[in-house]
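J.: generate coordinates for the sequence data below:
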Amino acid sequence: MSRRALTTAAAALTATTALLLTACGGGDDKSSDDIKGADRGSTSPSASASGGSQAGRPDVSVPKDLDLVFDFDTPSDAKHAAALADAANYIRALDHGIAQQDANDAAYKFYSTGGAQKYAKSQIQAWVKGGWTVTGRDRYFKAEVAPVGDGKALLATFCRNQADFFSKKVKTETVNRTEENLDSYQKFSLLMSPSTTSSQVWQARQIEVQGRVKECKA
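T.: Residues are numbered from 1 along each chain as shown. Sure thing, here's the model as predicted:
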């Protein structure tokens, strides 16, 4: 991807103020009551997954019936690797908030700011309002990281296969299964930058989720 394209993508992400609530198996707008599946997950590139694997980092563990798979190659550049790892942690934090049924969960706030933080909160709120939690297997793959503008921010992009990622009613534990189709494949673009409080932590500033992405169907 050219630097011009990256700059354009970053501008588009920064300008985004309203993002679709996506649902497993579907790329259409969904209200909280319509959520059928989900939007998150995975086992990461060297990232700090779960509990307190690194001092000061929040718990991003998820239920045992949710398998988050981050099928990423670790970038050779240390900053790129750190940004991608924390992009994965942002996804984990989203699922953690849904599982905890807490739209004010500390985990996603730690790994995000700006539009990405608003997006995470709106997603969690929708799941909680609908009485849903997450289950199944959510796979993220084909990751790329590239500098944006002066290089202080990085654009992390990756595909998602949510064909086996489902919503589950909290009260009844009824799983809402959907069949695999093009809606199962998405592409995530996260604008990442170092945290203002720790140079060791990268935060998602903006997020864009594209649905029905044929290039991700592999």
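J.: quick one: secondary structure of the residue nearest the centre of the chain?
T.: Residue closest to the mean C-alpha point of the chain, counted by CA atoms, centre = their mean, is Ile91 at 3.2 Å. Secondary structure state of Ile91, per DSSP: H, G, I helix; E, B strand; the rest coil, is helix.
J.: looking at it, it is touching Tyr140, isn't it?
T.: Yes - using CB atoms under 8 Å, Ile91 makes contact with Tyr140 at a distance of 6.9 Å. From N, CA and C alone the C-beta is placed, and that goes for glycine too.
J.: what separation is there between the residue nearest to the centre of the chain and Thr172?
T.: 26 Å (CB to CB, to the nearest Å).
J.: how about Ala163?
T.: 23 Å.
J.: more crowded one of those two?
T.: Taking neighbours as other CB atoms under 10 Å, Ala163 and Thr172 compare with Ala163 leading, 21 against 8.
J.: which other helices and strands contact the strand or helix carrying that one?
T.: Following DSSP states H and E, one finds Ala163 within strand 153-169. Contact here means 3 or more CB pairs under 8 Å, 6 or more residues apart in numbering; DSSP states H and E; on that basis strand 153-169 packs against helix 3-15, helix 78-100, strand 132-148, strand 175-176, strand 185-194.
J.: model confidence over it, on average?
T.: Averaging pLDDT along strand 153-169 gives 98.
J.: list the buried residues for it?
T.: 153-168 (16 or more other CB atoms under 10 Å).
J.: and for stretch 59-71?
T.: Under 16+ other CB under 10 Å, the buried positions of stretch 59-71 are 59-62, 66-71.
J.: if we can go back for a sec, and the helices and strands packed on strand 153-169, which is most packed in?
T.: Greatest average neighbour count among the helices and strands packed on strand 153-169 goes to helix 78-100 (a mean of 25), per mean count of other CB atoms under 10 Å.
J.: and that helix, what does it pack onto?
T.: strand 66-71, helix 106-110, helix 114-130, strand 132-148, strand 153-169, strand 185-194, strand 202-211.
J.: just put the ones you listed in a markdown table and tack on distance to Ala81.
T.: Shown next, in a markdown table, are the helices and strands packed on helix 78-100 (distance: least, CB to CB, whole Å):
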| stretch | distance to Ala81 |
| --- | --- |
| strand 66-71 | 12 |
| helix 106-110 | 19 |
| helix 114-130 | 19 |
| strand 132-148 | 8 |
| strand 153-169 | 10 |
| strand 185-194 | 12 |
| strand 202-211 | 10 |
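J.: of all these, which one is nearest Thr178?
T.: Comparing the helices and strands packed on helix 78-100 against Thr178 with CB to CB, the closest turns out to be strand 153-169 (7.0 Å).
J.: skipping its backbone neighbours, what lies nearest Lys152 in space?
T.: The shortest distance from Lys152 to any non-neighbouring residue, by CB to CB, 6 or more residues apart in numbering, is to Ser193 (6.5 Å).
J.: report the beta-bridge partners for that neighbour.
T.: Gln203 (DSSP bridges).
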